[in-house]
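# quick one: sequence and predicted model below, then my questions.
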Amino acid sequence: AVAWQAFGGFGKEVRSTLREAANQLSNKLSHAQHLDEVTWTTKNWHGLQMQRLSVVLHTAVAWQTVNELACGESGIVHGAECIAVLNGVA
């Protein structure tokens, strides 16, 4: 089964694992998480972890897409060149 989907959500096994972990922590954030990691959209541990995973996965998909589209010896682009590649002007 597919554990991660680039767009559309997480696989059943991932959701189940995250829910079990949230239950072990009573779905509560630590003091440090409240101070350093919580945004206005996250109110509990499960929400924070779902948000963090989503950001990491979408960033990885974006990097992979850019690198596949990149021209050049290394195949890796950075900064303004990355935007130019995405806009089709590089």
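Ah, there it is.

# ranges for the helices of this protein?
According to DSSP state H, the chain carries its helices in the segments 12-24, 31-36, 45-69, 79-86.

# what's the least confident stretch among those?
With a mean of 66, helix 79-86 has the lowest mean pLDDT of the helices of the chain.

# and residue 38, how far from residue 62?
Taking CB to CB, to the nearest Å as the measure, residue 38 falls 24 Å from residue 62. Placement of C-beta: from N, CA and C, glycine included.

# if we can go back for a sec, so can I have CSV of the helices of the chain showing mean neighbour count?
CSV is the format used below for those (neighbours: other CB atoms under 10 Å):
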stretch, mean neighbour count
helix 12-24, 13
helix 31-36, 10
helix 45-69, 14
helix 79-86, 13
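
# what's the closest non-adjacent residue to residue 46?
Here the nearest residue to residue 46 in space, its sequence neighbours aside, is residue 22; by CB to CB, 6 or more residues apart in numbering that works out to 3.9 Å.

# now for that neighbour: which residues touch it?
Residue 22 is in contact with 44-46, 49, counting by CB atoms under 8 Å, 6 or more residues apart in numbering.

# count of neighbours near residue 29?
Using other CB atoms under 10 Å, residue 29 is surrounded by 19 other residues.

# tell me the contacts of it?
Residue 29 sits in contact with 37-38, 42, 44-45, 48, where contact means CB under 8 Å, 6+ apart.

# report the two of these separated the most.
By the measure CB to CB, 37 and 44 form the most distant pair in those, at 12.2 Å.
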